[in-house]
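generate a structure from the sequence data that follows.
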Amino acid sequence: MIKDVIKIIDDVRGQDIVCYDMREISPYYEYVVICSGNTNRQTGAIMNHLRDYCLKNKVKVHVEGKSSGKWILVDMQEIVVNIFIPEEREYFQLEKLWLDIPKLELDL
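Here you go, the predicted structure:
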């Protein structure tokens, strides 16, 4: 499923995609993905494609932040996706939370 998620984000032109492998760390989810979209409209498009994927594949999904589009969190149970506009991503700097967490190598 993580490969599908990364491909969806890449297909919708999500940028600076980073994926953290949380399988040895978190009992709640396996991966955390962080990506950017240039505008609120693009972050919304990424979220919509991920939600459609979940509905099609019968994966429970919960979305937060879709009304502003600045930071959208898509909880796909085993994968949590954070979609930012660049300014918000720079401000919150979530990557600093997981400096010691292994990153997944992405084949884009």
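
for stretch 94-104, what is the distance to the chain centroid?
14 Å (C-alpha atoms, centre = their mean, to the nearest Å).

buried stuff in it?
By neighbour count with 16 or more other C-beta atoms under 10 Å, stretch 94-104 contains the buried residues residue 98. C-beta here means a position set from N, CA and C on the backbone, and glycine is covered the same way.

next one: stretch 32-48
Across stretch 32-48, burial judged by 16+ other C-beta under 10 Å covers 32-37, 42-47.

for the chain, what spans make up the helices?
Under the criterion DSSP state H, the chain contains helices at 2-11, 40-56, 86-92.

okay, these in TSV with mean pLDDT and distance to residue 76 next?
Formatted as TSV, these follow (pLDDT from 0 to 100; distance: least, C-beta to C-beta, whole Å):
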stretch	mean pLDDT	distance to residue 76
helix 2-11	95	7
helix 40-56	96	6
helix 86-92	96	20
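
pLDDT (mean, whole number) over stretch 59-74?
Across stretch 59-74, the average pLDDT comes to 94.

from one end of that stretch to the other, what's the distance?
12 Å (C-alpha to C-alpha, to the nearest Å).

count the residues that sit near residue 74.
25 (other C-beta atoms under 10 Å).

OK, contacts around it?
If you count contacts by C-beta atoms under 8 Å, 6 or more residues apart in numbering, residue 74 has them with 47, 50-51, 61-63, 80-81, 83.

now it: how far from residue 86?
Going from residue 74 to residue 86 by C-beta to C-beta, to the nearest Å gives 18 Å.
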